[in-house]
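Q: A structural model of the following input is requested.
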Amino acid sequence: MMSNPLLPISVLVLTLALLGWGYFRSRKFGKLGLLSWLQFVALMAPWLIYFGLFVLGVFINFTTLLFLLLGSTIAYVAISNQLRKIVSEEKSAIEQKLKRDIEVTGSDRPNAQDNLVNDLPVKTPIALAMSQGKNQLKLFKSLPAEDMKLMQGIFGIETYYVTETIPYQEGAIFKGNLRGEPDVVHDRLTKSLHDRLGDRYNLFLVEGQDRKPVVIVLPSRVSNVDNNTIPQRLLILVLIVANGYTALNLGALVGGIPVVQSPQEYLIGLPFALGIGAILGLRELAMRLMAKKYKVKMSLPFLLPSSQLGSFGAFSRISSPLPNRVALFDIAIAPALVSGLVSLIVLLVGLRLSAIGMGSIDIPSQIFQASVLAGTLAKLFLGNALQDSFISIHPLVVLGWLGSAITALNLMPAGQLDGGRIVQSVYGRRTASWTTVLTLIFLVIATVINPLALYWGGIILILLRDLERPMLNELSELDGDREALGVVALFWMLITLLPITSSVADRLGIGGGGGLLP
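A: Prediction:
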């Protein structure tokens, strides 16, 4: 019997209620709506199965979870491809009808076309529209009349039909209707703007608060942010020193020195600190190589020291406009993939060395209840040894586990964390705003279990809660492969951070409880 089945039962009931509500809402959108609902079902299916069986007292092991996730991802990608195919077919049909109308009437009939294009489902419902906040459009000096005239000349009936122009002090907003695929239209408008005005302006294709396409033209110097000022560089230096100190202290603790009393004792923790530094360095290198690929400028890294983990990782501000959502996704997923894979390999190697008797650190086996990922892998390698109150492990287990935790914390779907950027690129700005709020609420609740959550939540709230600034092209969606990879990354974050319940730990024999499994 489970000690407290109320939580999983509540989650299961809430999920089923959301699925039912989503189904009834999606029916009025026809086939597109139902397919979008099926996408949601595909994403939630592994969790429905997990919590449903959990309520019945059946625990799904790590291998089964991976297969469920794989099946869910394949279904999600297949439905996404079908959605894109239907949208493309409907758009082609409407464009052909518009051409026939123009040929018959001998005019472009703008009003009729506006109505038709406004009714066109340019994006699938699962990828919610970007929301342009009031604080994202700033008033600048008046735009030169000649520049405004040249800007207005880049638009046309075949790209973007302008219905309203709002001049700003150093830029302009052009409201209207999109006449083609967002990426194609953005490329044509950007090229035309560059031919007329050079590199003096950047063109943004976003969605306004009314969820209609909006073109914003701003001076290039306004679009760039200086994140490498002298005070910031001094702060970065201080954070590097603090991060080195916490990593060395943690390394000394792992090496058997609870309290460092002499400088020489720090040398014992140096290898462990270098290991943490290597994981952080690989994260930063992967992100900057991807940023270089898309010609995106980034600030110097701000390290975040932590006495419990050695480091929370590092964050870097994006200084120049992102070209599109693909660039944002790739910049966010690159560090997560590199540090996640390296940490997982280190963890597996450490567990293998522990299994063959090369462990040198005695820890309570109950610690492995703190993570579904670490606990399940430990069960696979260490088996019945986890039934003892204490177990001897290799230091690489600690390093791999901490690296996985650092990666997972940065994958939380909030603000400018890797996870927040992934959600923003896959699901849009509006969804990313909600997940940021929900993540902060979750961290506040989690402080009851671990005070570390309050510290991390405070860092997000103070430094990283804001989403990325508007991209040059925010309307083009990601391909199915990237969407699937984003879902996998978020799932990996959950199984790394979520603890194993006491009842499941007893069934697995983790934590000296005797276990119910051989």
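
Q: residue contacts, M151?
A: Neighbouring residues of M151 by C-beta atoms under 8 Å, 6 or more residues apart in numbering: 172, 174, 193, 196-197, 201, 217. Placement of C-beta: from N, CA and C, glycine included.

Q: ok, it to L250 distance?
A: Distance, M151 to L250, by C-beta to C-beta, to the nearest Å: 55 Å.

Q: that older thread, just the contacts of M151: which are in helices?
A: Counting by DSSP state H, the contacts of M151 place 193, 196-197 in helices.

Q: and those residues, which is closest to L373?
A: L373 lies nearest to L193 out of the ones in helices among the contacts of M151, by C-beta to C-beta, at 48.2 Å.

Q: neighbours of the closest one, how many?
A: For L193, the neighbour count with other C-beta atoms under 10 Å is 21.

Q: let me see the confidence value for it.
A: At L193, the pLDDT value in this model is 89.

Q: so where do the strands sit in the stretch 201-350 of the chain?
A: Using DSSP state E, counting those that start in this stretch, the strands of the stretch 201-350 of the chain run over residues 201-207, 213-219, 302-306, 310-315.

Q: for T436, see how far away the residue lying closest to G457 once chain neighbours are set aside is.
A: For G457, ignoring the flanking residues on the chain, the nearest one in space by C-beta to C-beta, 6 or more residues apart in numbering is L443 at 3.4 Å. To T436, L443 is 11 Å away according to C-beta to C-beta.

Q: so the residue nearest to G457 is in contact with W456, correct?
A: Yes. Proximity of L443 to W456 meets the contact threshold set by C-beta atoms under 8 Å, at 6.2 Å.

Q: who's more crowded, these two?
A: The residue with more neighbours, out of L443 and W456, is W456; 26 against 22, by other C-beta under 10 Å.

Q: quick one: pLDDT of that one?
A: The model's pLDDT for W456 equals 82.

Q: stretch 403-419: end-to-end distance?
A: With C-alpha to C-alpha, to the nearest Å as the measure, stretch 403-419 spans 16 Å from end to end.

Q: who does I318 bridge with?
A: M298 (DSSP bridges).

Q: what sits against it?
A: 291, 296-299, 331, 468-469.

Q: with V423 instead?
A: 413, 431-432, 435, 486, 490.

Q: and the gap between it and N81?
A: Taking C-beta to C-beta, one finds V423 at 21 Å from N81.

Q: what's the answer for G428, then?
A: In terms of C-beta to C-beta, G428 sits 19 Å off from N81.

Q: more neighbours: those two, which one.
A: Remark: of G428 and N81, G428 carries more neighbours, 22 against 12, as counted by other C-beta under 10 Å.

Q: just the helices from the stretch 101-250 of the chain, written as ranges.
A: 110-118, 145-152, 182-197, 220-223, 230-254 (DSSP state H, counting those that start in this stretch).

Q: could the contacts of V423 go into a markdown table alongside pLDDT?
A: Formatted as a markdown table, these follow (pLDDT from 0 to 100):
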| residue | pLDDT |
| --- | --- |
| P413 | 90 |
| T431 | 85 |
| A432 | 86 |
| T435 | 87 |
| G486 | 88 |
| L490 | 88 |
